[in-house]
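> here's my sequence, what's the structure:
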Amino acid sequence: QVQLVESGGGLVQAGGSLRLSCAASGSILSINAMGWYRQAPGNQRELVAAISSDGRTDYADSVKGRFTISRDNGKNTVYLQMNSLKPEDTAVYYCNANIRAVIDYFARQRDYWGQGTPVSVSS
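Residues are numbered from 1 along each chain as shown. Model prediction:
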């Protein structure tokens, strides 16, 4: 089984910083794109940032210049450095990864999600 485990969420004041981590584990053959999504109460889940296997990045307009996504392929881990946090960044943040892994003796590729880590920014 493949698992994504997130860490790093918490409570921070506006203007502060947090760093989220998401580590993938299991019988992994390769990881393609990885990304971070967030969902605030009453809102749909939205893409925050994504990074391809070769390091190309993409950001939501609302976080450009404040958030940085990166990955360590040797550790199967993706990070989200969040600076200049605003109250509107408050949400549960989810890690997503497209992973090719051995499942039931076969190589299978699909998207996986982490359990979510809450981020709360006070004004």
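> tell me the mean pLDDT over stretch 29-38?
Confidence for stretch 29-38, expressed as mean pLDDT, is 97.
> in that stretch, what's buried?
Neighbour counts using 16 or more other CB atoms under 10 Å place 31, 33-38 of stretch 29-38 among the buried residues. From N, CA and C alone the C-beta is placed, and that goes for glycine too.
> ok, of these, which one's closest to residue 118?
Using CB to CB, residue 38 comes nearest to residue 118 of those, at 10.0 Å.
> that closest one: what secondary structure?
Three-state assignment for residue 38 (DSSP: H, G, I helix; E, B strand; the rest coil): strand.
> so what's it bridging to?
Counting by DSSP bridges, residue 38 is bridged to residue 46, residue 93.
> how about the contacts made by it?
By CB atoms under 8 Å, 6 or more residues apart in numbering, the contact list for residue 38 reads 45-46, 48, 89, 91-94, 119.
> including pLDDT, neighbour count and distance to residue 105, could these go into TSV?
Listed next are the contacts of residue 38 as TSV, based on pLDDT from 0 to 100; neighbours: other CB atoms under 10 Å; distance: CB to CB, whole Å:
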residue	pLDDT	neighbour count	distance to residue 105
45	97	15	33
46	98	12	37
48	98	23	35
89	98	22	43
91	98	22	38
92	98	18	35
93	98	23	34
94	98	21	29
119	98	22	39
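> residue 71: which of those is nearest?
Using CB to CB, the contacts of residue 38 come closest to residue 71 at residue 48, 14.4 Å.
> which non-adjacent residue is nearest the closest one?
For residue 48, ignoring the flanking residues on the chain, the nearest one in space by CB to CB, 6 or more residues apart in numbering is residue 36 at 4.5 Å.
> hmm, what's the outermost residue in this protein?
residue 105 (27.9 Å; CA atoms, centre = their mean).
> could you check how far residue 113 is from residue 22?
Distance, residue 113 to residue 22, using CB to CB, to the nearest Å: 10 Å.
> which residues do these two both contact?
Residues touching both residue 113 and residue 22 by CB under 8 Å, 6+ apart: 4, 95.
> neighbour count: those two, which is higher?
Set side by side, residue 113 and residue 22 show more neighbours around residue 22, with 26 against 14, by other CB atoms under 10 Å.
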